[in-house]
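Undergrad: Below are the sequence and a predicted model; questions follow.
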Amino acid sequence: RPPGTDPGHPAKTGGRQISPFERFMPVPFGTGIFFPLYLFRRRRESDCMTSPLRLLAFALLLAPSLLPAAENQRFTLERPYPVAEIPEPDRSLPVTNVILMIGDGMGIHHLSAAWAANRGRLFIENCPVTGISKTWCADKLVTDSAAAGTAMATGTKTLYHRVAVCPKGNRLDSLVDKAADMGKSTGVIATCELNDATPASFCANNEKRSDAYGIIGDYPRSRADFIFGGGGKYFTQRPDGRDIFQEMQAQGYRVARSWEKAGALPSGKTLVVAAPGNLPPPSKRGDVFRQAAVKALDTLSRNPNGFFLMIEGSNIDKAAHSNNLEEMMEELLDFDRTAGAVLDWASKHPGTLVVITADHNTGAFALTGGSREQGEITGRFGSGSHDGVAVPVYAFGAGSGDFTGIYENTDIFNKIMNALKKGADKPVR
C-alpha cells in the first residue's frame with residue numbers, strides 16, 4: 001500500500017498517524033459483501049476487532065440471503081378511458097408524412113401493465129404491424145438514451161452519452177435534417193427538458209449529453225419547425241450570456257413560454273418551452289402532451305410536401321428510474337392517449353406512417369399480478385437503471401409493412417428514410 005493508505009504508515013498530509021478508531025472508517029457501510037470481508041481482513045492485521053465486530057461481520061455476510069425481494073407496488077386506474085377501433089389506411093400508398101413516437105424506457109412489461117390497468121385496451125393495439133428492436137450501443141451492451149436516440153435519429157451506433165455525434169467525433173445529420181432536405185416540415189415534441197438526450201439527438205450535436213447549455217445553444221441552427229418541451233432555465237441567464245429565445249425569434253420562430261400562450265400562436269415556426277425543467281406529471285400538467293401533438297400535426301401538415309415529427313413520452317423513463325409505479329403508469333397511459341390522437345389523425349390522412357417504439361427498457365419492471373377487470377396491477381422494479389433487453393416496435397399506415405421482424409435500432413432510421421425516398425416522387429392517390 002502507498003504511504004497514508006495503511007494504518008501503519010503516517011499520512012502524507014502533515015505526517016499524522018491514523019488513529020485506531022479510523023482504522024475501520026475508510027470503507028463505508030453499504031458496500032455489500034465487501035464490508036464484512038474488509039472487517040475480517042482487518043482482524044488479521046489488528047487485535048482491535050472485538051467480539052461485537054466479529055458478530056457484525058458474520059451478520060452482514062448472512063444478510064443478503066435473508067433480505068426480501070423487492071416490494072410489490074400497487075396501482076389502480078379508477079377511470080379507464082375508452083379505446084376506439086382505428087382503421088388503418090392503405091399500406092401500399094407512398095409515404096408523405098412520418099410520425100415517430102418514442103416511449104423513453106418503455107418495454108413490453110410496461111405496456112402490459114398499462115394494458116391491464118385500462119381494462120385490457122390500449123390505442124397502440126390498433127397498430128397491426130409489430131417488430132423488435134435491439135438497443136445496444138457502440139461501446140456498451142446496455143445503452144443510454146443519447147446513444148439510442150442517436151441510433152434512431154441518424155442511423156449510426158455511437159458511444160454512450162453522445163448526442164448525434166459518431167464514435168470518431170463527427171457530427172451526424174438527423175431525420176429532421178434529412179426531411180428538411182426533402183422540403184418537408186419537421187417537428188420535435190418531448191415532455192422532458194429539450195436538452196435531454198432524445199430531443200437533442202434530433203436537434204443538436206454534442207459529445208456529452210450532460211452539456212445542457214451547449215445542447216440548447218444548438219437549437220437556433222436546428223431545422224425543426226415545431227419544437228415543444230421543457231428546459232427554459234437553459235435558454236436564458238446562461239454562462240455564455242446568450243438569450244436563446246431571442247436567437248430563435250430572430251430565426252423566425254414564434255415563441256411561447258407556457259402552453260396557455262402557445263394555443264394562441266398562429267401556424268408557422270413554433271417554439272414552446274412549457275416548463276423551466278421537465279414537464280410535471282399528467283396529473284398536474286393535464287392533457288398538454290396530446291394537445292401539443294395535435295397542434296404540431298395541424299401546423300406541419302400545411303406543407304404539401306409532408307412532414308416528419310418525433311414525439312417522445314420522456315418521463316416514463318424518469319418515473320421508472322425512481323421506481324415510482326404510480327407516476328410511471330400516469331406517463332404510460334398519457335403516452336397511449338396521445339398515440340390514439342396520432343393514429344386517428346393518420347387514419348384520416350392516407351400516406352402517413354406512424355412508428356411507435358422505445359429507446360430502451362428502464363427499471364427491470366415486472367408485472368406480478370392484479371386484475372384486468374378492476375384495472376388493478378401489482379408490479380415490482382428490479383433496478384433503477386436501464387437494461388439491454390430488446391424493445392417492441394409498432395407500425396401503422398403507409399409503409400408500415402416494412403417494420404416487421406427483428407432488427408437493430410439503427411434500422412428504424414433506415415426504414416423511415418427508405419419510405420420517405422420511395423414516396424418523394426409519388427403523389428398520394
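TA: Good, I have the coordinates. Predicted model only: the values in this text are computed from it and were never measured.

Undergrad: residue ranges with poor pLDDT in this protein?
TA: Across the chain, the ranges flagged by pLDDT under 70 are 1-69, 425-429.

Undergrad: which strand is the longest one in it?
TA: As assigned by DSSP state E, the longest strand anywhere in the chain is strand 185-193.

Undergrad: Now the element after that strand, going C-ward?
TA: helix 197-203 (DSSP states H and E).

Undergrad: ok so, going back, sheet partners, orientation included, of the longest strand of the chain?
TA: strand 226-230 (parallel), strand 307-313 (parallel) (DSSP bridges).

Undergrad: Make TSV out of those and add distance to residue 183 and mean neighbour count.
TA: The C-beta positions use only the backbone N, C-alpha and C, and glycine is treated the same way. Below are these laid out as TSV (distance: least, CB to CB, whole Å; neighbours: other CB atoms under 10 Å):
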stretch	distance to residue 183	mean neighbour count
strand 226-230	16	27
strand 307-313	10	28
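
Undergrad: so how many other residues sit close to residue 277?
TA: When counting by other CB atoms under 10 Å, one arrives at 13 neighbours for residue 277.

Undergrad: closest one to residue 173 among the strands paired with strand 185-193?
TA: Of all those, strand 307-313 sits nearest to residue 173, with 12.5 Å by CB to CB.

Undergrad: contacts for the following helix or strand past the closest one?
TA: Downstream of strand 307-313, the first helix or strand assigned by DSSP H and E is helix 315-321. Residues outside helix 315-321 that contact it (CB atoms under 8 Å, 6 or more residues apart in numbering) are 103-106, 110, 145, 191-192, 278-279, 281, 325, 327-328, 330-332, 335, 362-363, 365, 381, 384-385.

Undergrad: Buried only: go through the residues you listed for me.
TA: The neighbour count (16 or more other CB atoms under 10 Å) marks 103-106, 110, 145, 191-192, 278-279, 281, 325, 327-328, 330-332, 335, 362-363, 365, 381 as buried among the contacts of helix 315-321.

Undergrad: Inside strands: which ones of these?
TA: 103, 191-192, 362, 365, 381.

Undergrad: Take those and write them to a markdown table, including distance to residue 392.
TA: Shown next, in a markdown table, are those (distance: CB to CB, whole Å):
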| residue | distance to residue 392 |
| --- | --- |
| 103 | 10 |
| 191 | 20 |
| 192 | 21 |
| 362 | 14 |
| 365 | 14 |
| 381 | 19 |
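
Undergrad: Out of the residues you listed, which is nearest to residue 344?
TA: Checking these one by one against residue 344 (CB to CB), the nearest turns out to be residue 103, at 18.2 Å.

Undergrad: Could you tell me which residues make contact with that closest one?
TA: Residue 103 neighbours (CB under 8 Å, 6+ apart): 110-111, 312-313, 316, 332, 335, 356-358.

Undergrad: The residues you listed in helices, which ones?
TA: 110-111, 316, 332, 335 (DSSP state H).

Undergrad: show me the residues around residue 389 that make contact.
TA: Contacts of residue 389 (CB under 8 Å, 6+ apart): 107, 135, 361.

Undergrad: Distance of the closest residue to the last one other than its chain neighbours relative to residue 362?
TA: With sequence-adjacent residues excluded and distances taken as CB to CB, 6 or more residues apart in numbering, residue 361 is closest to residue 107, at 3.6 Å. In this structure, residue 107 lies at 8 Å from residue 362, with CB to CB, to the nearest Å as the measure.

Undergrad: Kindly report the same for residue 336.
TA: Distance from residue 336 to residue 362, by CB to CB: 17 Å.

Undergrad: now the helices for the stretch 51-200 of the chain?
TA: 51-66, 108-117, 145-154, 175-181, 197-203 (DSSP state H, counting those that start in this stretch).

Undergrad: what sits up against the fourth one?
TA: Counting contacts by CB under 8 Å, 6+ apart, the residues outside helix 175-181 that touch it are 98, 100, 153-154, 185-186, 188, 202-203, 222-224, 307-308, 310, 413, 416-417, 420.

Undergrad: now the second one
TA: Where contact means CB under 8 Å, 6+ apart, the residues beyond helix 108-117 that reach it are 75-77, 80, 103, 121-122, 124-125, 316, 320, 328-329, 332-333, 336, 361, 365-367, 370-372, 375-377, 379, 391-392.

Undergrad: Surely residue 392 and residue 132 touch.
TA: Yes. At 6.4 Å, residue 392 counts as touching residue 132 under the criterion of CB atoms under 8 Å.

Undergrad: Compare neighbour counts for those two and give me the winner.
TA: Comparing residue 392 with residue 132 by other CB under 10 Å, the one with more neighbours is residue 392, at 18 against 15.

Undergrad: tell me the contacts of the more buried one?
TA: 107-108, 111, 130-133, 357-358.

Undergrad: From these, pick the one nearest residue 401.
TA: Nearest to residue 401 among these, with distances taken as CB to CB, is residue 131, at 10.4 Å.

Undergrad: what about the residue lying closest to the closest one once chain neighbours are set aside, which helix or strand?
TA: Residue nearest to residue 131 in three dimensions, not counting chain neighbours: residue 393, with 4.0 Å by CB to CB, 6+ apart. Using DSSP H and E, residue 393 falls within strand 391-397.

Undergrad: Tell me the strands beside that strand, with direction?
TA: strand 129-134 (antiparallel), strand 352-357 (antiparallel).

Undergrad: chain center to it, what's the gap?
TA: 17 Å (CA atoms, centre = their mean, to the nearest Å).
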